[in-house]
Each structure stands twice: as structure tokens, then as C-alpha cells.
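[1] Have a look; sequence and predicted model below, questions after that.
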Amino acid sequence: MAVFAGFGIMFFALMLLLGLLYFMAHVLFALAAYHDAQAQGNPDALVWGLAIGILGFIPGIIYLCIRGSGRRLVRCPNCGYPHDAVDFCCPKCGEKNSPAPKADPYQQVLAERARKELIGGIVVIAAGVLVTILAVIFFSFSIMGSWKLF
Ligand SMILES: [Zn+2]
């Protein structure tokens, strides 16, 4: 009986650990999408971050599919009005939109942060899978071991 109680506690601890890892992966992927969308000038960065943070992988996959194909905003160098990167000129003041805007260091920082968060999320998922495999192996050996006792 004590053996089974021990199993129960270990199983509960394992579920807690996996839940925590899953939650961490969620948060990391949400942050990655948020910063990646910001780096790309996507006006819906916060919406994507929240959608992935709350709903998980389905909006994540959708985000990866539409990433880069969506609207991209740039700020007019003259008046600061945000408009589509493909616009020939600023719709507010008529300033010519440079076809190849200089790389924004802030956007590069965001892109780098998004990359690290994405890698972090993948590492956490990998850790979760590894823990699950180890737990399955451990539980199978334990159950086989306890069978041999009887
Ligand atoms: Zn302008």
C-alpha cells in the first residue's frame, strides 16, 4: 500500500512539473511571437502574444504561417505617422517612403529577444518530453519490479 501511495505522490509531482513546463513553454512562445511581431512592425503584436499565451499552439501555428506575409508598418521619417511599408509615400504628409529602410537597432534587439524566447520555449518542450519518457521508463520498471515482489 505504501508503494502505491509513493507512486501517487510521484505521479502528482510529475504532473505538476509537466504542467509547469507546459505553462513556461506557453509564456515563452507568447513572448517570442509578441516580440517577433513587434520587430516586424506588425500592428497586432499584442493580440498575437495574448492569443498564443491563452490558446497555445493553434494560434502559434497560424502566426508562423502568416508571419511576414501580413501588413508591415513603418513610421514616416518626416512626421512619424505609421503607414504600410509598401506605400510609395506617406499618406499623411506625402514624404517619399524609402524602399529599403535602414535596419532599426531596436527592431534587431526585439528580433534577437524573440529568437532567444523561441529557443527557450523549444528547450522547455524538449525537457517536458524527456521528463515524460524518463517517467514512463521509471514507472514501467517500478511496476515490473513490484510485480516480481509478489
Ligand atoms: Zn509623413
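    Thanks, I have the structure now. Computed from a prediction, not measured in an experiment: that's the story for all the values here.

[2] Just give the strands next to the lowest-mean-pLDDT helix or strand in the chain in its sheet, each with its orientation.
    Ranked by mean pLDDT, DSSP states H and E, the weakest helix or strand in the chain is strand 73-75, scoring a mean of 81. Sheet partners assigned to strand 73-75 using DSSP bridges are listed as strand 82-84 (antiparallel).

[3] buried ones in the strand it pairs with?
    Taking 16 or more other Cβ atoms under 10 Å as the basis for neighbour counts, the residues of strand 82-84 that come out buried are residue 83. (Glycine included, C-beta is placed from N, CA and C.)

[4] Any chance you could give me stretch 38-49 in CSV, C-alpha atoms only?
    Coordinates of each C-alpha in stretch 38-49 appear next as CSV, following Å, rounded to 0.1, in the frame of the first residue of the first chain:
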residue,chain,number,x,y,z
GLN,A,38,6.9,43.9,-32.9
ALA,A,39,10.2,43.5,-34.6
GLN,A,40,8.4,43.0,-37.9
GLY,A,41,6.3,46.1,-37.3
ASN,A,42,3.1,44.0,-37.1
PRO,A,43,0.4,46.2,-35.5
ASP,A,44,-1.3,43.1,-34.0
ALA,A,45,1.7,42.1,-31.9
LEU,A,46,-0.1,42.2,-28.6
VAL,A,47,-3.2,40.3,-30.0
TRP,A,48,-0.9,37.5,-31.2
GLY,A,49,1.0,37.4,-28.0
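
[5] Go through that stretch and flag the buried ones.
    For stretch 38-49, burial by neighbour count (16+ other Cβ under 10 Å) applies to 38-42, 45, 48-49.
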